[in-house]
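1. Quick one: sequence plus predicted model below, questions after.
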Amino acid sequence: MSRKEPNMNGRIIRINRVPAAITAILLTIMLVYFLNFHTDERPAIYGMLRSDDKVDMRKLLIASIQAAQRGGLEVLDVARTRQLKERSKGKTLEGVNDPFTDADGRSHCVMKQGLKRIFPRVHIFSEEDKEHCAHAHSFDLDPTVLHETASVPDLAVTAQDVTIWVDPLDATKEYTEELYDYVTTMVCVAVAGRPVIGVIHSPFSGETAWAWVGHSRSEYLDELYRKPRLDAAEPIITVSRSHTAAAKDVARQVFGEQVSLLTAAGAGYKVLQVVASNATAYLHTSIIKKWDICAGDAILRALNGAMTTLKGDPINYGPNESPVNKEGLIASLDAHGEYLERLSKYSNDHKLR
């Protein structure tokens, strides 16, 4: 359809309204696309970062607590049904069976999928990354998981600097044996390779120990930490029950034949024994995966303790590092330097592996 318009010279100009309207619509669509989508794809310039290049640490803390607790619910649910669907992933270097259950898989899916939906731009590693999650699992951020007096500021960091380590079920072997005290679900947030947020949730007690280094920690963790401290001069060393012989031998040679040993399962559980002063240090002499130890490392740092390799080196939890720590570890709240000195003297004549 067209209409006639006179021009300045009295001539008639025919304007076709349909093509003009189509052209206007197309220009509008192109403009909307450019403003809403194209700008997000442009690289950062002049040292400025887009908002989606940043991630809020307070939200990371809340989501990490929720993920550990949601994973714990899956662990509890499978335990109640006793439908473990247990199978073996092989044997550890110590020759111990490394089992996998339906609880490991279900906990992994709800923990990793939930975190990935909220933080799609951060690196997330889980012990069960090979497990296929058929259904989407998610949760919304719930700030009520923090206690009212928690000091948790809004602090933004670069998303690509963040690595999250997820252990969906620590101490699976003991879980199959119904030794539930050892069982935990864990989440750790590392920034530039340093562990800064650690969450250790105990599904069967319902308690959650968490800490954000330099900022805040859970009331339950404070409760454990307030217990009377042991004398570091009379060490009680907690070691793994799955390779007790090797660890006991090293502990006795390093700390003396009269050293007290606390055998336990689960790296998360053993760190909490140190925090609660049931042990003065946690010793591990063989390789160990970083999702087993990152949360405990962060918690000890928040309490002015330390977790290092047996050589005294900090453990790097960055995305480009190996997920395996091959140098063993020593973790303590007090006298860490003294323990390292003793280990150094021993390692001059022995290879700690």
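-> Sure thing, it's come through. Because the structure is predicted, anything quoted here is derived from the model rather than measured.

2. In stretch 242-258, which residues are buried?
-> Along stretch 242-258, these residues count as buried under the neighbour rule (16 or more other C-beta atoms under 10 Å): Ser242, His243, Ala246, Ala247, Lys248, Val250, Ala251, Val254, Phe255. In this view, the C-beta of every residue, glycine as well, is placed from N, C-alpha and C.

3. and the least confident of the residues you listed?
-> When the buried residues of stretch 242-258 are compared by pLDDT, His243 scores lowest at 64.

4. hey, where'd the helices end up in this structure?
-> Ranges of helices in the chain, per DSSP state H, are 17-33, 39-41, 57-81, 102-118, 172-176, 219-225, 244-255, 267-275, 290-302, 336-347.

5. what sits against Ala63?
-> Ala63 is in contact with Gly114, Leu115, Ile118, Phe119, Leu141, counting by C-beta atoms under 8 Å, 6 or more residues apart in numbering.

6. returning to that earlier point: can you lay out the buried residues of stretch 242-258 as JSON lines showing distance to Ala159?
-> As requested, the buried residues of stretch 242-258 are arranged in JSON lines below (distance: C-beta to C-beta, whole Å):
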{"residue": "Ser242", "distance to Ala159": "36"}
{"residue": "His243", "distance to Ala159": "38"}
{"residue": "Ala246", "distance to Ala159": "40"}
{"residue": "Ala247", "distance to Ala159": "38"}
{"residue": "Lys248", "distance to Ala159": "44"}
{"residue": "Val250", "distance to Ala159": "40"}
{"residue": "Ala251", "distance to Ala159": "41"}
{"residue": "Val254", "distance to Ala159": "42"}
{"residue": "Phe255", "distance to Ala159": "43"}
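
7. nearest to Asp231, of those?
-> Within the buried residues of stretch 242-258, the smallest distance to Asp231 is 13.1 Å, found for Phe255 (C-beta to C-beta).

8. Leaving aside the residues adjacent along the chain, what's closest to the closest one?
-> Pro235 (5.1 Å; C-beta to C-beta, 6 or more residues apart in numbering).

9. Kindly indicate which of the buried residues of stretch 242-258 lies nearest Arg106.
-> Using C-beta to C-beta, the buried residues of stretch 242-258 come closest to Arg106 at Ser242, 23.4 Å.

10. I figured the closest one hits Ala265, correct?
-> Yes. With contacts counted by C-beta atoms under 8 Å, Ser242 reaches Ala265, the gap being 6.7 Å.

11. and the gap between the spatially most central residue of the chain and Leu73?
-> Nearest to the geometric centre of the chain sits Cys188, at 2.4 Å (C-alpha atoms, centre = their mean). Going from Cys188 to Leu73 by C-beta to C-beta, to the nearest Å gives 20 Å.

12. likewise Pro323?
-> Distance, Pro323 to Leu73, using C-beta to C-beta: 26 Å.

13. again, but for Ala246
-> 36 Å.

14. Arg121 now?
-> 27 Å.

15. Can you pull out the low-pLDDT segments for the chain?
-> 1-52, 90-97, 136, 243-245, 348-353 (pLDDT under 70).

16. okay, now the domains of it?
-> What automatic domain parsing lists as the domains of the chain is 2-41, 55-225, 236-347.

17. what's in contact with stretch 135-142?
-> So stretch 135-142 is contacted by Lys59, Ile62, Ala63, Gln66, Ala67, Arg70, Cys109, Val110, Gln113, Gly114, Arg117, Ile118 (C-beta under 8 Å, 6+ apart).

18. how about 10 Å then?
-> In this structure, residues lying in contact with stretch 135-142 by C-beta atoms under 10 Å, 6 or more residues apart in numbering are 56, 58-59, 62-63, 65-67, 69-71, 74, 106-118.

19. From the residues you listed, list the buried ones, please.
-> Buried, going by 16+ other C-beta under 10 Å: 56, 58-59, 62-63, 65-67, 69-71, 74, 106-116, 118, out of the contacts of stretch 135-142.

20. can I get the helices of the chain in a markdown table with distance to Leu283?
-> As requested, the helices of the chain are exported to a markdown table (distance: least, C-beta to C-beta, whole Å):
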| stretch | distance to Leu283 |
| --- | --- |
| helix 17-33 | 60 |
| helix 39-41 | 49 |
| helix 57-81 | 25 |
| helix 102-118 | 26 |
| helix 172-176 | 19 |
| helix 219-225 | 20 |
| helix 244-255 | 6 |
| helix 267-275 | 9 |
| helix 290-302 | 12 |
| helix 336-347 | 8 |
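
21. wait, which of those helices is closest to Ser151?
-> helix 57-81 (10.2 Å).

22. what is the orientation angle of the closest one with helix 102-118?
-> 160 degrees (axes from the mean of the first three to the mean of the last three C-alpha atoms, to 10 degrees).

23. what's the closest of the helices of the chain to Gln160?
-> Nearest of these (C-beta to C-beta): helix 57-81, 13.9 Å.

24. how much does that closest one deviate in direction from helix 290-302?
-> 130 degrees.

25. which residues of the stretch 101-250 of the chain fall in strands?
-> In the stretch 101-250 of the chain, strands defined by DSSP state E, counting those that start in this stretch lie at 123-126, 156-158, 162-170, 184-191, 194-202, 207-212, 216-217, 236-240, listed in chain order.

26. Need the winner for burial among these.
-> Ranked by mean neighbour count, those are led by strand 184-191 with a mean of 30 (mean count of other C-beta atoms under 10 Å).
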